[in-house]
Each structure stands twice: as structure tokens, then as C-alpha cells.
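Engineer: Here's a sequence, model it:
(one chain, ligands or ions: 2)
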Amino acid sequence: PQTIYLSDYTPPAFLVEEVHLTFRLNPKKTRVISKIRFKPNPASKSRDFFLHGEGLRLVSARVDGQAVEPELTDEGLTCAVPDAPFVWEAEVEIDPQGNTALEGLYMSNGMYCTQCEAEGFRKITYYPDRPDVMGVFTVRIEGDEKVLLSNGNLVAKGDGFAEWHDPWPKPAYLFALVAGDLVNHPDRFTTRSGREVELNIWVRPGDEGKCAFGMEALKKSMAWDEKTYGREYDLDVFNVVAVDDFNMGAMENKGLNIFNSSCVLASQETSTDANFERIEAIIAHEYFHNWTGNRITCRDWFQLCLKEGLTVFRDSEFTADMRSAPVKRISDVIALRARQFREDNGPLAHPVRPESFVEINNFYTATVYEKGAEVIGMLKRLVGDAAYAKAVDLYFERHDGQACTIEDWLKVFEDATGRDLSQFKRWYSQAGTPRLRVTDDFKDGTYTLHFEQETPPTPGQDEKAPQVIPIAVGLLGPNGDEVVETRFLEMTEAKQSFTFEGLGARPVPSILRDFSAPVILERETDNAERAFLLAHDTDPFNKWEAGRDLARDGLIEMIVNGAAPDDAYLDAALTMARDDTLDPAFRALALGLPSQDELAQTLHERGHTPDPQAIWDALETLRHARAEHFQDLAPRLYAQYQVAKPYAPDAEQSGARALANAALGMITRLDGGAQAGRQYDSADNMTQQLAAFSNLLQAGQGQDAVTRFYDQWKEDRLVIDKWFMLQIVHAAPEDAAKTTEALTQHPDFTIRNPNRFRSVLGALAMNPAGFHHAGGEGYRVLADWLIALDPLNPQTAARMCSAFETWKRYDRERQAMIADQLDRILATKDLSPDTTEMVSRIRN
Ligand code: HT7
Ligand code: ZN
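Structural biologist: Ligands and ions are numbered 1, 2, ... in the order given. Take a look at the predicted model:
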């Protein structure tokens, strides 16, 4: 496999003006007839005509009507063409049914669908499949299916055909086609300028009842983007399609978003509150791409964060507005640390804008997406809300219809604000999570904070230069009152101090409020100060963080020194949980304990070798001690936060259920599952049923529920995914690998559906004590299945290799066992470039 470098970018030799495609659908032999008007690109010196194409059978080709015989390779074709505008025509044959990789045109449950990002269009026809080539597409679909969809507006429809025209020039990765016997959930939206837009969610018959929530989310997203960013929808129709077999969450194809059915279908009975929130966010994310990604796209795939970081940032703002901003921020930071900090700290670390890749699909990462969004958040903090709005307006005005770079993005901020962002740009080029060490002193009413920043080496980057870090700080007086409100300190040096004058007493600092930068804060502090911040901090994020730090350090003491559960934590948690002035959702989050993986990472950073079993034991012991400490409060909270109103997946009800279910977790530890059993029997929604099911599994009382749950839901594939996953996630460490293996033999397991595969093999990696259980069975089971999946679906196989990315944290025996499995994967005959790249990076 060949490595591609950002520094090698050259503009395309030819540009596309117009594209006409005709699809004659057939499961095994679909014909794709293309007619493309090309013109030489004045910005390129080259006149070499190259079209990407993979796995295509070329039937015929013509240039300006004359038959030609292009030179074919595994990657595409070259052909002699005029140094002037010309028309390329080709007919190719493809096999959608044989396409198990789910890239290009494939079939899912008898329906045709496409996935072209990043480089899937080349599996449909010969084309310059790169995002800086944008064309206006007209698509004719011929087939017997009831519903024939493509991008843009419907221009003609008849017996056995439909024709679509998309007036907005777009790169090929945004092309989409869907054909099937689908049913729709229709609605309408009137844009602020009065355009009437037809909205449809298309699903398999039987799923119609699960579309209403997604539709409401779509309309809210459309209204929000108008109000917040001044962005209006630009076609007469917006179609969303639910597909069962899909490699990721959803895809923002112009006017025809395609969704993994798990990310759009929802009902009270089958979806949890968390599912509803995620669906709302993903619908918004894909919709927001219409401007940040589609109207303004990426020049090349190195610029992926240009659309993804910005769109994740926009969908977080949306969720914060629709629900609770502090709860969203805390949840985002939990996810960032779990996924992105983990990535940044291991062999897969890469910059937000990577400089090289073998397979771009391997770079749809937490770093590009989530750290990419954090970088936008920092930029907004640094320039302020008004300047951010001005710069983004300028971005839309200046670059609409273009394929852009991070340089273009930063330049609009420089032009709108007069700031020099050259140092800020390091956030895009330097990998790794900066460590921010803090000390302080107080003298004669002046309080000084001293900061030192350092970013550890990452693969290919030994030295790091100082970054611009916006640090939000507030100061609390000894009685808990805020004596200095939130102030933004802008750190630009490796070492820098900031002073606060006129203070009557030494304050308690609240540093990095709202998690103002994606860094690791290192400060020596004590439990008393943390308990003080948990009680008094006005910043919800730092209030939560104080409790989290208390819990984490107590657990580390238990793991390393065999300490007993920390009373300071137990008392502070109890005080916080009984404070009815606090949002229940916040309290539920604050009762969450650090994950096994976060503890393993912290131990490793502090110079210890994590023992997965010891981590699991400590968490179990603490959970039990906490249940005893909450013996009186937990039943009270459980009763107080039962929701009496009809079910709604809104922030208020979800928060109440989350707190009641946190209490249920404590009750179960003392009653062995009696209350959970009652909740299971009476649940009228999936949040309650699943919480009860999880508790029963954890308490070792789940066997009956496993059977009942399956019998109740065996016809619902998305619920059965949950059934598979929970049995593995809650398996005792010594049972996890064998439970996984047993479930791979279940008649409902299939390697061909990525959701099902992830709900079984992905779940094993989500049970760290089980995955890393001594003996290495977990490693072997996962490796066996990745090897089996790779030839069918390399994209999903490669992504799931990241389960091994933390292997160097562990002891010699575990490292050796993992290395054996990685080597076994690498030695597999015909291993895909995707998996080869991932495993080689992890192994090195
Ligand atoms: N832009 C999309 C990313 C994507 C994808 C989606 C589904 C299947 C394969 C895919 N490859 C890349 C999704 C998004 O970020 O919105
Ligand atoms: Zn996206």
C-alpha cells in the first residue's frame, strides 16, 4: 500500500462541469452509464487524464463520441484526451450484491444504497474521485423498485424510472442513490425565505412508527441553523433513508442523507433516552453538513477536520441549546477523554490535520472529529462570540461552492479579527494532549497562577512547540463565594504566570472552567479542596470535575496501595446527590465513576502498570461501599425521580430517569436485584427496561431476563443488538471471552451486519477486565473475528483494531500475547491495506 502525503497535493488536471449518470439496476449486474463534460484546469500544468475506478468491468468508453481503449490499472484508467473541453462517456458493470464492504453501490435487505465517502464513488464508475473536483449531477435510475432516489430535486418520474437533478456542484463523495420498496414518513418545512421543502424519512415497511422523533429533530435542526448561523436549506426536498447495513453512523449526501438505522429509528419501547439524544445529534450533524461540508467542502482528505470538526462543534452547540449546556459539555468531555485522549496517548496519535495516510477511512477518528471540534471551541473562546459569528459569515460568503483548506478557514478569522493565528494553527499540526502543570502563590492580596505546558512526543513528532491555550479561571473565597468571576487567560508561552490583585484571602482556584481547552491539567491539590469545589464551584464542569477527581484518586489509592474506599469521596458524593437544587441529570453524571480504561490510563501515566482485574475489583468494592453509604438516600432518590408523566425523551425526563437508575444501581447491590426485577416487569420504555436488565445481569440474576428479553424482542434487530451487547459488557471478567464466543454461535449473529458485529466483538473490548483477562482468550477471540471480517468488510475490521491500541500500558505477559495476535493478523494472507495500516501502526 502506498502512503499519501499532504505535501504532495497538486490540483486536478481536469475539472468536471456536468455529470449525467444512468443506472440500470440489477443485483448482480448493474450497468452504470456516464456522460461527463470535462475541461482542462487552468490551475494545473498537467494534462494527464486519470480517472479512479476499482472493481469495475468497463464495457465501453468514448471521448467526444469516438470509441477509445483506455489503459486500465487496479486503481483506474488513463486515456489520451484533447487539451480542451471534451465529453467522456463510459459504460461499466458492477455487482451490488457481491459488495460486502458496504462502500460504493451495495445491497442491504434487498434495497440498493450507496456509501461514497471517502473514496467509494470509484467503485461505481470511472471518475476523478477527489473532493476538489465538483460537478453538477443529473441521475437517471431505471429499476422496478417502488422508490428510486438520488441527490437534488426530482425532475422526472415514470414507470420503472426516476430522474434527479442536483443544481449544486458537488464532489463525488456526496453522490447517493437508494432504490427499494420503502415507505416514508413525510413532513414539510418552510424556510425563512419562504422555500417550501418536502421532507421524507424512508424506511423498511414496519419501521414507519419509528420515524416521528427523527423528523422532529430534522425540523429543529433546520430552524436552528437558520437562527444561529443564518444558513437555509437549498433544495425542494430533503430525503433521509434508514439502512441496516452501514459502516458508520450516517452520511450527509446532498439532499439524500443515508443513516444507519440505529441512528434514526426510535420509539419509546425500543430506544433508550441516550439513543434518542444521539439520534437528535446525528440528524443535526448530517443536516448541518449541508453548509459545512457540502456547500463548502474539503480540498483533499487531509482537510477532513475542516468539515468534521466544525460540524461536530455545531451539533454540540445545537444539543446544548436543545437540552442542558453543562450536561452536554460534561458528557462531551467524558467521551473526549475516553476516545481522543486515549488515541492521542498511544501509537495511533496523529494531528487534527494528518500529514500522511495509507487509507483515509482509518482517519475518521476521535482526533479529527472531537479534537477538531475542541479546536473550533477554543477559537470561539479566543475571539469571542461576536467575532466568531463575523468570521463564520465571512467563511460562507467567501468560500461558498469551493473546496477549501484549514488555511482558508483560519484566514477568515484573521481577516475578521485582525489576529495572527499562526501559533494557534499548531493545534492542527501537533499531535498529543498538552499537559498543563499549575502551581500558585499568594502574597499581600496578590494571587498568582503559574502555568507550564508540555506536549509529550507522539509517533513521528518528538518535539512540540508551545500552543495557544485559552484557560478559563474563576476564584472562590474561603466561604465559597466567587471573588473573581470567570476570566480568560491566554497562554502562549511554555511557562507563563497570571496575577489577580486585591484579594482579601488566599482563594481557591477553579481552573479550566467549562473545559476551555483539551489539555490534561496537573495540579497538586487535596481532598478538602476538591470537596470544597464540588460544594461551591459555580462552574458546573469544574464542580463535576472536582467530584470526578476525588473518585479517581480514591480508586487509584485502592488499586495501588490497597486503601479502603475514600470517606471524603463517599461523603461528598452523598452531599452532592441529596442537593435537590442541582439538576438530576448533573447529579447522575456526577455519580458516574471513572471507567476501567480511564483508570488504566491514569495508572500508566503515574508510572504504574495497570492490572485490569485489580481495577475491576476496586470499582466493585467502591460501588458496594457507596451503595452502603447511600443506603437511606438511594431508595429516596429512586422514589422521588420516578417519572409520572407520559414518556418523553426530553432533557428533564431523561435526567430524572438517569438519577433514579443511578439509585437503582446502588439498591441492586444491597437487594440482589429485587427492585430491578420489579422495574423490569413494569417498564413501559426501553430506558427503564434496559437499566433493569443491566442491573439484573450485574447482580448475576439475569438468566431469566436474558430469555424473556430475547423472546420479547427477537423481531427487532436494533433491540437484539442491545441484548447481545449487554450480556458481554456485564459478563464477569473470567466469562467475557467465552460469553462472546458463545454469542457468535447464536443464530442471530452475523458477520455481515456491522451493527451486530460491533454489538458482539465491540462489546468484548468494552469490558476491559474481560478483554484483558489473564490467559489472553479475549485477545484471541477478537483477533479471530477481525481476521474473518477483513476480507468482507475491511473498513469496519480496521476500525475495530483500535481495541488493541493501549497494549503497551500492560504487563510483559499481556504485551506478548497481544503482540502475537497483532502479528497473526498482519501475517494473514491478502490482509486489506486498511487493516494492515492500522495493525502496523499499533504494533510499532
Ligand atoms: N461524513 C461521514 C463520514 C463517513 C462515513 C459515513 C458512513 C459510512 C462510511 C463513511 N465514511 C466516512 C459521516 C459524518 O461524519 O457525518
Ligand atoms: Zn460529519
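Engineer: confidence score at Arg799?
Structural biologist: On the pLDDT scale, Arg799 is placed at 98.
Engineer: from the chain's centre, how far out does the host helix or strand of it sit?
Structural biologist: Using DSSP states H and E, Arg799 falls within helix 794-800. Put simply, helix 794-800 sits 15 Å off its chain's centre (Cα atoms, centre = their mean, to the nearest Å).
Engineer: Show me what that helix is packed against.
Structural biologist: Applying 3 or more Cβ pairs under 8 Å, 6 or more residues apart in numbering; DSSP states H and E, we find helix 794-800 packed against helix 754-757, helix 777-789, helix 833-843. Backbone N, C-alpha and C define where each C-beta goes, glycine included.
Engineer: can the first one be found next to ligand 1?
Structural biologist: It refers to helix 754-757. No - Helix 754-757 stays clear of ligand 1 (Cβ under 6 Å from any ligand atom), getting no nearer than 9.2 Å.
Engineer: Show the average pLDDT along that helix.
Structural biologist: Mean predicted lDDT for helix 754-757 stands at 98.
Engineer: And for that helix, what's in contact with it?
Structural biologist: By Cβ atoms under 8 Å, 6 or more residues apart in numbering, the surrounding residues in contact with helix 754-757 are 102, 244-247, 260, 262, 717-718, 720-721, 724, 748-751, 785, 789, 793, 796, 800.
Engineer: what about that helix, distance to the chain center?
Structural biologist: For helix 754-757, the distance to the chain centre is 16 Å (Cα atoms, centre = their mean).
Engineer: residue boundaries of the strands in the stretch 1-150 of the chain?
Structural biologist: Remark: strands assigned in the stretch 1-150 of the chain by DSSP state E, counting those that start in this stretch are 4-5, 14-24, 30-40, 50-52, 57-63, 66-67, 71-72, 76-78, 86-94, 104-108, 111-115, 135-142, 147-150.
Engineer: Going by neighbour count, which residues of stretch 516-534 are buried?
Structural biologist: By neighbour count on 16 or more other Cβ atoms under 10 Å, the buried set for stretch 516-534 is 516-521, 523, 527, 529-534.
Engineer: between those residues, which is closest to ligand 1?
Structural biologist: Pro518 (19.1 Å; Cβ to the nearest ligand atom).
Engineer: contacting residues for the closest one?
Structural biologist: Taking Cβ under 8 Å, 6+ apart, we find Pro518 in contact with 336, 340-341, 371, 374-375, 378, 433.
Engineer: now, which of those residues sits nearest Val155?
Structural biologist: Within these, the smallest distance to Val155 is 40.9 Å, found for Val375 (Cβ to Cβ).
Engineer: His536 touches Val483, doesn't it?
Structural biologist: No - contact criterion Cβ atoms under 8 Å: His536 and Val483 do not qualify, at 11.4 Å.
Engineer: Now Ala465: closest residue in space, sequence neighbours ignored.
Structural biologist: In this structure, Ala465 finds its nearest non-sequential neighbour in Arg426, 6.0 Å apart by Cβ to Cβ, 6 or more residues apart in numbering.
Engineer: What is the neighbour count of that neighbour?
Structural biologist: Using other Cβ atoms under 10 Å, Arg426 has 17 neighbouring residues.
Engineer: Next: Ser271.
Structural biologist: 25.
Engineer: Settle this for me: it is touching Met686, isn't it.
Structural biologist: Yes - Ser271 is within contact range of Met686, at 5.5 Å (criterion: Cβ under 8 Å).
Engineer: Does Thr297 belong to a helix, a strand or coil?
Structural biologist: Secondary structure state of Thr297, per DSSP: H, G, I helix; E, B strand; the rest coil, is strand.
Engineer: Show the contacting residues for it.
Structural biologist: Thr297 makes contact with 131, 134, 170-171, 174, 307, 402-404, according to Cβ under 8 Å, 6+ apart.
Engineer: In contact with Glu777, which residues?
Structural biologist: Contacts of Glu777 by Cβ under 8 Å, 6+ apart are 737-738.
Engineer: pLDDT on stretch 375-387, on average?
Structural biologist: Stretch 375-387 carries an average pLDDT of 98.
Engineer: ok, so what distance separates whatever residue of the stretch 601-750 of the chain ends up closest to ligand 2 from Pro754?
Structural biologist: Across the stretch 601-750 of the chain, the shortest distance to ligand 2 (Cβ to the ion) belongs to Leu718, at 21.5 Å. Here the criterion is Cβ to Cβ, to the nearest Å. By it, Leu718 lies 13 Å from Pro754.
Engineer: Give me the neighbour count for Thr448.
Structural biologist: 14.
Engineer: Also Gln701?
Structural biologist: Gln701: 17 neighbours (other Cβ under 10 Å).
Engineer: go on, Lys307?
Structural biologist: Neighbour tally, Lys307, other Cβ under 10 Å: 23.
Engineer: Just to check, it is in contact with Asn290?
Structural biologist: No - Lys307 is beyond contact range of Asn290, at 10.9 Å (criterion: Cβ under 8 Å).
Engineer: Can you flag which of the buried residues of stretch 516-534 belong to strands?
Structural biologist: Of these, the ones assigned to strands by DSSP state E are 520-521, 523.
Engineer: Nearest to Thr744 among those residues?
Structural biologist: Nearest to Thr744 among those: Ile520, at 37.7 Å, using Cβ to Cβ.
Engineer: Let me know the distance separating the closest one from ligand 2.
Structural biologist: 26 Å (Cβ to the ion, to the nearest Å).
Engineer: Show the pLDDT at that residue.
Structural biologist: 98.
Engineer: Please name the bridge partners of the residue nearest to it when sequence neighbours are not counted.
Structural biologist: Among residues not flanking Ile520 along the chain, Arg435 sits closest, at 5.1 Å (Cβ to Cβ, 6+ apart). Listed by DSSP bridges, the beta-bridge partners for Arg435 are Glu454, Ile520.
Engineer: what's Arg435 in contact with, if anything?
Structural biologist: 453-456, 519-520, 522.
Engineer: And Val32, by the same measure?
Structural biologist: Here Val32 is in contact with 21-24, 91-94, 124-125 (Cβ under 8 Å, 6+ apart).
Engineer: ok, the residue nearest to Ile520 to Lys157 distance?
Structural biologist: Taking Cβ to Cβ, one finds Arg435 at 60 Å from Lys157.
Engineer: Let me see the contact set for Tyr287.
Structural biologist: Contacts of Tyr287 were listed using Cβ under 8 Å, 6+ apart, and they are 218, 221-222, 225, 238, 252, 257.
Engineer: That one sits in which helix or strand?
Structural biologist: helix 273-288.
Engineer: which parts of that helix are buried?
Structural biologist: 273, 275-288.
Engineer: shaky segments in this structure?
Structural biologist: Within the chain, the set of residues satisfying pLDDT under 70 is empty.
Engineer: what does it put close to ligand 2?
Structural biologist: Within the chain, the positions lying close to ligand 2 (Cβ under 5 Å from the ion) are 308, 311.
Engineer: interface residues of the chain facing ligand 1?
Structural biologist: Counting by Cβ under 6 Å from any ligand atom, the positions of the chain adjacent to ligand 1 are 115, 117-118, 246-248, 250-252, 285-286, 289, 308, 364.
Engineer: farthest residue from the center of the protein?
Structural biologist: Ranked by distance from the centre of the chain (Cα atoms, centre = their mean), the top residue is Asp444, with 48.6 Å.
Engineer: Since that was my last question, I'll sign off now.
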